[in-house]
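Novice: okay, here's the prediction I keep looking at, along with the sequence it came from:
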Amino acid sequence: MNTTTADAPIRDLGNIVATWIKQGKRLGVVTARAFPTDGHIELITVLLDPQAASAKILISQLGPNERAYPSITSLAPQAHWFERALLDLFGVTPIGHPRLKSVILHEAWPEGFYPLAQSEPHIEDDGAPSKTYDFLEVKGEGVYEIPVGPIHAGIIEPGHFRFSCLGEVIQNLEIRLGYTHRGVEQRIAAAPWKTAHLIAEAASSDTAVGNAVAHAQAIEQILGVAAPPAALGLRALALEIERVASHIGDLGGICGDIGFAGPSSIFAQLRGSALGLGERLTGARLQTAYVVPGGVTHAPASASRKEILDCANALSKEFDAAQELLIDSTAAIERMEGVGIVRPSLARDFGLVGPAARACGIDYDVRRAFPTEPYTRLTWDVASVSDCDVHARALIRIQETRASFDLIRQILEEPTDWNNVITPLSDELPANAIGIGIVESWRGELLHLICTDEAGKLARYCIKDPSVNNWTGLAISVRGQLVADFPLCNKSFGLSYSGNDL
């Protein structure tokens, strides 16, 4: 991907981003970097151009004592989540933001403590909460609230959902996250760069391959090197296996939430088989510690390649039979159709990605828009449905799973020499460099941004998980729906709490 860097006046940033989006391009992420030497902060805005397969990085400087700038959100709504994180992590206030409230930090965090600002916080530990979270209040006769979480049944991650309801109909959903904030970005920046991939891939463990590939791409861009063709093929193979396992798991979850027990159990078993494909390829079911900067750790032997192909073909046939139980069930279709609709205009305004966007007819897939080998020579169709509801999001997952099985076959059947799977890297990163990795993970567009300092050390590491784009879509989808529809809408998006709470 061709990447350029330019300076942008902070006062013009909103207009620049809005104009970019109106041209049919994308806002990748808005983040910041703090400089401990003089205390100033610079905003970093990544603009993506799918038509040209390129990216533009805008650097906007704030003065040493400046901690505010004109909000981008009023002109480009999809920036709203990014700007809320800027306030939490850097103490930078977007003036004019329509709904400015915490997206990560909570009452127990000390007043004036901003994890990435690299400045001393003003801490008054008197035992009282330092801040409060103001939920949007829906007023009117008969309106009541239902608080759910952050602790949930089973093994779901913690998140709080505040429903404002009239009767059984949801009027508004407020989503509050941040309960699993782990300081992942700080930990990666503080680690030796040659082992940082082990932390990066753990940012959201169900997307271990996606995060590892995005990290590797960013490091390779900084170093100006490329992984061998065989390694790129194996990365794609691991990505598609991860996509298959995750989509099958979500289809099982959707079946479970509509009480369709038989297919739910079948999909759960098939997900286990898909994870087994990952174990045959990499040695681990979640495929951890396999993708590294410069390539992958090892290639499968010829016998293992045939075994993976045979297992994938068998699993594909089992999946075809299982998905017919879902899409041919009148009761299941009636339960999904017309539920959890997100209008395409709102999906574009808020920058939805992945299956959630493609279910609204948005034709955007990183594999096609920012292609890397081997996707440039493989054949597949980008999934697309335009009904915008839970049923559409289920159909997208079915289409993508079938396409992934086909991609797996193509990769494994290519006459590729898989002996060379790693490019040697230098011991040091160049100074004052920026690298971007962008991947179509199973949830959608995943972005890793790396900045080095004057000594070539990792100075800023930013991860933009696709869930950050899509949480607003979930909140929109449940408006006007029954309370009982929320679990189904939630599962149809399949978002990551950890991906937000970095």
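Specialist: Nice, I can see it.
Novice: and Ala331, what does it touch?
Specialist: Phe260 (C-beta atoms under 8 Å, 6 or more residues apart in numbering). Where you see a C-beta, it was placed from the backbone N, CA and C, and this is true even at glycine.
Novice: where's it, which helix or strand?
Specialist: Counting by DSSP states H and E, the element that carries Ala331 is helix 330-336.
Novice: same question, Tyr144
Specialist: Going by DSSP H and E, Tyr144 is part of strand 143-148.
Novice: list the contacts of that strand.
Specialist: By C-beta under 8 Å, 6+ apart, strand 143-148 touches His160, Phe161, Arg162, Phe163, Ser164, Cys165, Leu166, Gln171, Val483.
Novice: please confirm that the fourth one is located within a helix.
Specialist: If I follow you right, that is Phe163. No. Phe163 sits outside any helix when classified using DSSP: H, G, I helix; E, B strand; the rest coil, being strand.
Novice: that one is in contact with Gly149, isn't it?
Specialist: No. Applying C-beta atoms under 8 Å, one finds Phe163 not in contact with Gly149, separated by 11.0 Å.
Novice: in the helix holding Ala331, what counts as buried?
Specialist: Ala332, Arg335, Met336 (16 or more other C-beta atoms under 10 Å).
Novice: check which element follows it along the chain.
Specialist: helix 344-349.
Novice: could you dump the helix or strand just after that following helix to PDB, C-alpha only?
Specialist: Toward the C-terminus, helix 344-349 is succeeded by helix 354-358 as the next helix or strand (DSSP H and E). Presented in PDB, the C-alpha positions along helix 354-358 are these (Å, rounded to 0.1, in the frame of the first residue of the first chain):
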ATOM      1  CA  GLY A 354     -16.900  -5.900   7.600                       C
ATOM      2  CA  PRO A 355     -20.100  -8.000   7.500                       C
ATOM      3  CA  ALA A 356     -22.100  -5.300   9.200                       C
ATOM      4  CA  ALA A 357     -21.300  -2.900   6.300                       C
ATOM      5  CA  ARG A 358     -21.700  -5.400   3.500                       C
END
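Novice: just the buried ones from the contacts of strand 143-148?
Specialist: His160, Phe161, Arg162, Phe163, Ser164, Cys165, Gln171.
Novice: how close does the fourth one sit to Ile16?
Specialist: Read that as Phe163. 37 Å (C-beta to C-beta, to the nearest Å).
Novice: hmm, back to that, list the pairing partners of the strand holding Tyr144 within its sheet, with orientation.
Specialist: Applying DSSP bridges to the sheet, strand 143-148 is found paired with strand 160-166 (antiparallel).
Novice: circling back to that earlier point, make JSON lines out of the buried residues of helix 330-336 and add pLDDT.
Specialist: Shown next, in JSON lines, are the buried residues of helix 330-336 (pLDDT from 0 to 100):
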{"residue": "Ala332", "pLDDT": "92"}
{"residue": "Arg335", "pLDDT": "93"}
{"residue": "Met336", "pLDDT": "94"}
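Novice: hmm, back to that, nearest to Leu407 among the buried ones among the contacts of strand 143-148?
Specialist: Phe161 (35.6 Å; C-beta to C-beta).
Novice: for that closest one, what are its contacts?
Specialist: Pro147, Val148, Gly149, Leu173, Glu174, Ile175, Arg176, Phe486.
Novice: for Leu43, same thing?
Specialist: 10, 13, 30-32, 58-62, 69, 86, 92.
Novice: repeat that for Thr401.
Specialist: Contacts of Thr401 by C-beta under 8 Å, 6+ apart are Arg243, Val244, His247, Ile248, Leu251, Phe319, Gln323.
Novice: quick one: secondary structure of the third one?
Specialist: Looking back up the chat, that one is His247. helix.
Novice: my guess is it meets Trp442, correct?
Specialist: Yes. Counting by C-beta under 8 Å, Trp442 is a contact partner of His247 at 6.3 Å.
Novice: measure the closest residue to His160 other than its chain neighbours to Glu107 for me?
Specialist: Sequence neighbours aside, Arg176 is the residue nearest to His160 in space, at 4.1 Å (criterion: C-beta to C-beta, 6 or more residues apart in numbering). Noted for Arg176: a distance of 11 Å to Glu107, by C-beta to C-beta.
Novice: of those two, which one has the most company?
Specialist: Arg176 (19 against 11; other C-beta atoms under 10 Å).
Novice: just checking, that one touches Tyr133?
Specialist: Yes. Look at Arg176 against Tyr133 with C-beta under 8 Å: they come within range, at 6.4 Å.
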